[in-house]
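1. Sequence and predicted structure are below.
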Amino acid sequence: MAEAAAAAPAPQTLEEKKAAARARAKAARKAQESGEAFVSISPSAADYIRESARERGRPDGVRLKILAGGCSGLEYKLDLLEPGERAGEGDREISSNGVTMLMDMKSAIHVTGSVIDYERSLLRRGFRINNPNATGTCSCGDSFSA
């Protein structure tokens, strides 16, 4: 038990959290200015998104939002795009593996550098987001802290 407590990272101070948030915002701005993708969509996730979109008569794309909530403080929300939905003012548009992803800048700050994958196994079926900005996650992987 003592070993597990020793292995856990020390909680961040408020100044460390602020510095990390500034670094994430800077990375998101840099990605936007250079035209880099904020987020990558794996081939398996892209295939699943296209399959789901076709079944529902929607375009091949999703909107990613980061919301307050979940066990760890922030949660991912991923929805198929509505027919005719386009990037609005303040939205970022990404194309990865033939799939369009829209997100607002606030969400982009939290997920810059992430890879969205789709997993099909006996125990789990769904999206798995590998987020390098997450300082902690819940056991199901649907929420994170930054």
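-> Ah, there it is.

2. Next, the contact list for the residue nearest the centre of the chain, please.
-> What sits nearest the mean C-alpha location of the chain, by Cα atoms, centre = their mean, is residue 111, with 4.6 Å. Applying Cβ atoms under 8 Å, 6 or more residues apart in numbering, one finds that residue 111 lies in contact with 38, 39, 64, 66, 103, 129, 131, 133. Yep, even glycine has a C-beta here, placed from its N, CA and C like the rest.

3. hang on, the fourth one packs against residue 75?
-> Yes: in terms of Cβ atoms under 8 Å, residue 66 counts as a neighbour of residue 75; the distance is 7.4 Å.

4. Those two - which one has more neighbours?
-> Just comparing residue 66 and residue 75: by other Cβ atoms under 10 Å the higher neighbour count belongs to residue 66, 21 against 16.

5. contacting residues for the more buried one?
-> Residue 66 neighbours (Cβ under 8 Å, 6+ apart): 74, 75, 76, 77, 106, 107, 110, 111.

6. so how many other residues sit close to the closest residue to residue 39 other than its chain neighbours?
-> Excluding the flanking residues, the one nearest residue 39 by Cβ to Cβ, 6 or more residues apart in numbering is residue 114, at 4.9 Å. By other Cβ under 10 Å, the residues close to residue 114 number 21.

7. any idea how far residue 114 lies from residue 38?
-> 8 Å (Cβ to Cβ, to the nearest Å).

8. next one: residue 109
-> 9 Å.

9. And for residue 83?
-> For residue 83, the distance to residue 38 - Cβ to Cβ - is 24 Å.

10. neighbour count winner among those two?
-> Taking neighbours as other Cβ under 10 Å, residue 83 and residue 38 compare with residue 38 leading, 24 against 10.

11. pretty sure the more buried one contacts residue 103?
-> Yes: judged on Cβ under 8 Å, residue 38 makes contact with residue 103 at a distance of 7.1 Å.

12. Touching both of these two, which residues are there?
-> Common neighbours of residue 38 and residue 103, counting by Cβ under 8 Å, 6+ apart, are 92, 94, 111.

13. Burial check on the second one, number of neighbours?
-> Spelled out, that is residue 94. Neighbour number of residue 94 under other Cβ under 10 Å is 21.
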